[in-house]
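Visitor: please find the sequence and the predicted model below.
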Amino acid sequence: MKIRALLPLIVGFYASSALAQYTVVSSPAEAHRGDAVMVTFSAAVGATGAAAPNAIANAGVTFAPSNMIKPLAFVNSSATAANFTFDVPDNLPLGTYSLSFTANGVLTTPTPVLRVTMAGPPKVTSIRPTEWFPDAHDRTLLIAGDNFSRVGNETRVQVGTTEFSPCVAGKTGRCIEVRPDGRAITVHDVPEEPGRQKITVTVGNGYSAEDVSVLISSVSRKKPIWIALGVLAAILVILAAVLLWGRGKKAIGSMLSRLVIDPQTQSYSLSAVQFYLWTIAAILGYAFLTVARCLVQQRFELPDVPEGLPGILAISAGTAVVAAGVDSDKTKGAGAPRPMLSDLLSTGGVIVPERVQFLVWTLVGWSAFLSLVLLSNPATIEDLPKVPMGMLYMMGISSLGYLGGKVVREPGPVIAAITPAPPNRLTITGRNLENTSTVSIDGIPVPAIDVTPADAEDRPGYSKTLSVPAPAAPPAGTKITIAVKNADGQKAEKQYP
């Protein structure tokens, strides 16, 4: 143990001739618990019966008013003085004490004063947990640090406006327990006061100066996700109500289908799907961030839009607009009679690489963005994930490839109607029907010599109608499938009658 520097005390002395007395020449004025401090004795001038200082056999110190007694350990001596050390008790409460020394069983004079202090103010290094949700079963907080006291009620903790005192044996509730080594405090039954609550540890007259706080949420950890989903659903319901106002319930299905179905080909539109996916991601992410910052972090302000997200929305919206413009002149093949998910990867039933790439990058970016948002801790999230510039480049390249394919690829066949025509023939009406198209009925090809194009389009080699022999009438209640395939493999199918 370290030896405290000595603060000399020069004191006057009056000795009774009836007693042998010793004088305290020096004693420290201040020390910390656990310190080893030194005291020096000398024989009182004129005292009778006092042995020389180097003959002192036993000595002790009493801390008044606590009345704790500690023995003195001999260090060295001379003919005129003797040095002893004693340990300040670890369980001695902080404060000022009068020291009563005895030497050879005789009370010494004078009675010095010792001020017992902490080695330094309490210091908080970390807390666990750093945030709390109402669904947490354990309301215990662990504070790690240094210079915490286990003596009496010297250590107090304040969490927000609530103050905690040391636990009393046999009682439970809102209190604290200090670890034996004085380096950790357990706070029991932390109150549910929403917001960021500052934590301060006080020991005696010293207090922790570190800016440490615990965030207490007013809602459960998963509540922001559910609220964000509710906001998204409410927005969709409002939009649907606006679009369907006065149209009746029967129009709901057709109106919603038109959002993602190309009306010309009756197939799923990839550009529309990616546009709505990113729009949903932006709304859901922003709603989650706003709810988390307001209800969990108690920060009632509108968060900023992250870098890159407006760029992706611009790319997706621009792609949808340009694709619609291209389709007005060169539609893709209609494919199957009903919309199918494969429409997203194909044109007229033919899988095309640029559509695959565009869909893959859309799903990768969209799922990564939403995952980062919804898996974020609502207590610590500051803003939405930033979309890297490289991701923007990849999305832009994929969009250009998708649009480029639409521009350079020949238009695909679209069947609008199939009507009977005399004598015993069927007229297939549509768009982009090649004069050399292959027509099949229920998978059986119609001989090319029996396919008669008519009503030529402005584009050379294409017609608006094809005439084919009518097959035998199908059984009642059944339909036949008629397919038209152009030379590049794009096809359109429609059921008849």
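Guide: Looks like it arrived, so ask away. Residues are numbered from 1 along each chain as shown.
Visitor: is it true that Pro411 lies in a helix?
Guide: No. Pro411 is assigned coil when assessed by DSSP: H, G, I helix; E, B strand; the rest coil, not a helix.
Visitor: who's in contact with it?
Guide: Residues in contact with Pro411 (Cβ atoms under 8 Å, 6 or more residues apart in numbering) are Asp329, Lys330, Thr331, Lys332, Arg431, Asn432, Arg459, Tyr462. Backbone N, C-alpha and C define where each C-beta goes, glycine included.
Visitor: which of those residues count as buried?
Guide: Taking 16 or more other Cβ atoms under 10 Å as the criterion, what is buried in those is Lys330, Thr331, Lys332, Arg431, Asn432, Tyr462.
Visitor: which of the residues you listed fall in helices?
Guide: Using DSSP state H, no member of these sits in helices.
Visitor: what are the ranges of the helices in the chain?
Guide: For the chain, applying DSSP H gives helices covering 223-244, 251-258, 270-291, 309-327, 353-374, 389-408.
Visitor: skipping adjacent residues, who's closest to Leu384 in space?
Guide: Take Leu384 and drop its neighbours on the chain: the residue closest to it by Cβ to Cβ, 6 or more residues apart in numbering is Pro306, 4.1 Å away.
Visitor: doesn't Asp383 make contact with the one you found?
Guide: Yes. Using Cβ atoms under 8 Å, Pro306 is in contact with Asp383, at 5.4 Å.
Visitor: and the two? Which one has more around it.
Guide: Between Pro306 and Asp383, Pro306 has the larger neighbour count (other Cβ atoms under 10 Å), namely 19 against 15.
Visitor: need the contact list for that one.
Guide: Residues in contact with Pro306, defined by Cβ under 8 Å, 6+ apart, are Asp383, Leu384, Pro385, Lys386, Val387.
Visitor: so where's this structure shaky on pLDDT?
Guide: Residues of the chain meeting the criterion pLDDT under 70: 1-21, 43-57, 170, 246-257, 328-329.
Visitor: what's the span of stretch 482-497, first residue to last?
Guide: This stretch, stretch 482-497, spans 10 Å end to end (Cα to Cα, to the nearest Å).
Visitor: ok, now stretch 27-35?
Guide: Terminal residues of stretch 27-35 lie 13 Å apart, using Cα to Cα.
Visitor: now do stretch 195-214
Guide: End-to-end distance for stretch 195-214: 8 Å, by Cα to Cα.
Visitor: how about stretch 217-224?
Guide: By Cα to Cα, the extent of stretch 217-224 from end to end equals 11 Å.
Visitor: residues contacting it, please?
Guide: With Cβ under 8 Å, 6+ apart, stretch 217-224 has contacts from 131-135, 194, 288, 291-292, 295-298, 378-379.
Visitor: and those, which of them are in strands?
Guide: Judged by DSSP state E, the subset of the contacts of stretch 217-224 located in strands is Glu131, Trp132.
Visitor: and of the contacts of stretch 217-224, the nearest to Asn91?
Guide: Nearest to Asn91 among the contacts of stretch 217-224 is Trp132, at 33.9 Å by Cβ to Cβ.
Visitor: doesn't Arg196 make contact with that closest one?
Guide: No. Counting by Cβ under 8 Å, Trp132 stays clear of Arg196, with 10.9 Å between them.
Visitor: shared neighbours of these two, anything?
Guide: Residues touching both Trp132 and Arg196 (Cβ under 8 Å, 6+ apart) are Val214, Leu215, Ile216.
Visitor: for the residue nearest the centre of the chain, which non-adjacent residue is closest in space?
Guide: The centroid of the chain falls nearest to Asn377 when counting by Cα atoms, centre = their mean (2.3 Å). Computed as Cβ to Cβ, 6+ apart, the closest residue to Asn377 that is not its neighbour in sequence is Glu131, at 7.4 Å.
Visitor: with Val373 instead?
Guide: In space, and not counting its chain neighbours, Val373 is closest to Gly285: 4.3 Å by Cβ to Cβ, 6+ apart.
Visitor: and the one you found, how many residues sit next to it?
Guide: As a burial measure, Gly285 scores 23 neighbours (other Cβ under 10 Å).
Visitor: pretty sure it is touching Phe369, no?
Guide: Yes. If you go by Cβ under 8 Å, Gly285 and Phe369 touch, sitting 6.8 Å apart.
Visitor: find residues that contact each of those two.
Guide: Overlap of the contact sets of Gly285 and Phe369 (by Cβ under 8 Å, 6+ apart) consists of Leu384.
Visitor: between the buried ones among the contacts of Pro411, which sits nearest Leu302?
Guide: Among those, Lys332 lies closest to Leu302 (Cβ to Cβ), at 41.4 Å.
Visitor: distance from the chain centre to stretch 66-81, please.
Guide: 61 Å (Cα atoms, centre = their mean, to the nearest Å).
Visitor: what about that stretch, start to end distance?
Guide: End-to-end distance of stretch 66-81 (Cα to Cα): 28 Å.
Visitor: next one: stretch 488-497
Guide: Counting by Cα to Cα, you get 27 Å between the two ends of stretch 488-497.
Visitor: which residues touch that stretch?
Guide: Contacts to stretch 488-497, defined as Cβ under 8 Å, 6+ apart, come from residues 265, 332-337, 347-350, 409-410, 412-415, 418, 426, 430, 479-485.
Visitor: restrict the residues you listed to the buried ones and give me that as a PyMOL selection.
Guide: With 16+ other Cβ under 10 Å as the criterion, this PyMOL line picks the buried residues out of the contacts of stretch 488-497:
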select buried, resi 265+332+333+334+335+336+337+347+348+349+350+409+410+412+413+414+415+418+426+430+480+482+483+484+485
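Visitor: of the contacts of stretch 488-497, which belong to strands?
Guide: Among those, the residues falling in strands (DSSP E) are 347, 350, 414-415, 418, 426, 430, 480-485.
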